[in-house]
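K.L.:
Task: produce atomic coordinates for the following.
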Amino acid sequence: MWPRIGGLRSLSLGTPGELRATLNTLVLAGVKTATAGLITEYAEENEELEHVGERLVLVDDHDALVGVVEVTGVEVVRLADVSWDFARSEGEGDRSIEEWREGHSAYWARQGTPVTDDTQIVCLRFKLVSAADGGISTGDLST
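P.N.:
Numbers count the residues shown, from 1 in each chain. This is a model prediction of the structure:
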C-alpha cells in the first residue's frame, strides 16, 4: 500500500531526487496538472484507482507533505492511445505525443518495466488544492 498522511493516499511523482523535486515544483506552479502511471503498479501495491474528487497528498523524497491535489479525472488507456491533450497537461515540456511516449517508455524501462503500445496507462488529472507552505499541513486533509 502507498503511504497515507492525514487519512489521504500519497502521490509521489517520478523517482526520488532531482526528478521528483522538479515535478513537485511544476505542480506547485500550476504547470503540471496530470501524471501517468502503470496500471500494474496499482495491482502490485494492492491499491484501487483514484476517483474524481479524491484528495491526494503530494509528497517529497521523505514522504513529507508538499501539497494537496484533488483528482479531476481518471482514465485507463493503452500507451498508444494517450492523447496529446493529456501529455501536454503533464507540463514536462514534451513537444509532441511521440516525444512524450518515447520519454515515458524510456523512464519505465529504466525502472525495470518495459512497455509496449498495448501497456495500460493510468492517466490521472488533478488540481492543486493547497501547498504545504502556509497551506494545510496537519489534521484532516480531506476537507
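
K.L.:
partners of the least confident helix or strand in the chain by mean pLDDT in the sheet?
P.N.:
Lowest by mean pLDDT, DSSP states H and E among the helices and strands of the chain is strand 4-5, with a mean of 90. If you go by DSSP bridges, strand 4-5 pairs up with strand 8-11 (antiparallel).

K.L.:
what's the distance between the residue lying closest to residue 69 once chain neighbours are set aside and residue 102?
P.N.:
Spatially, and ignoring its direct neighbours in sequence, residue 69 is nearest to residue 126 (4.0 Å; C-beta to C-beta, 6 or more residues apart in numbering). (Each C-beta comes from the backbone N, C-alpha and C, glycine too.) With distances taken as C-beta to C-beta, to the nearest Å, residue 126 is found 24 Å from residue 102.

K.L.:
Compare these two and say which one has the larger neighbour count.
P.N.:
Legend: neighbour count by other C-beta atoms under 10 Å for residue 126 and residue 102, higher for residue 126 (25 against 12).

K.L.:
tell me the contacts of the more buried one?
P.N.:
With contact taken as C-beta atoms under 8 Å, 6 or more residues apart in numbering, residue 126 is in contact with 11, 33-35, 56, 69-72.

K.L.:
Listing partners with orientation, what would you give for the helix or strand containing it?
P.N.:
Assigned by DSSP states H and E, residue 126 belongs to strand 120-131. Strand 120-131 has these partner strands in its sheet, going by DSSP bridges: strand 34-38 (antiparallel), strand 65-78 (antiparallel).

K.L.:
would you list the ones you listed in CSV and tack on mean pLDDT?
P.N.:
Shown next, in CSV, are the strands paired with strand 120-131 (pLDDT from 0 to 100):
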stretch, mean pLDDT
strand 34-38, 97
strand 65-78, 97
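
K.L.:
wait, which of those is closest to residue 18?
P.N.:
strand 65-78 (14.8 Å; C-beta to C-beta).

K.L.:
Leaving out sequence neighbours, find the closest residue to the residue nearest the centre of the chain.
P.N.:
By C-alpha atoms, centre = their mean, the chain has its centre lying nearest to residue 35, at 3.7 Å. Excluding the flanking residues, the one nearest residue 35 by C-beta to C-beta, 6+ apart is residue 124, at 5.3 Å.
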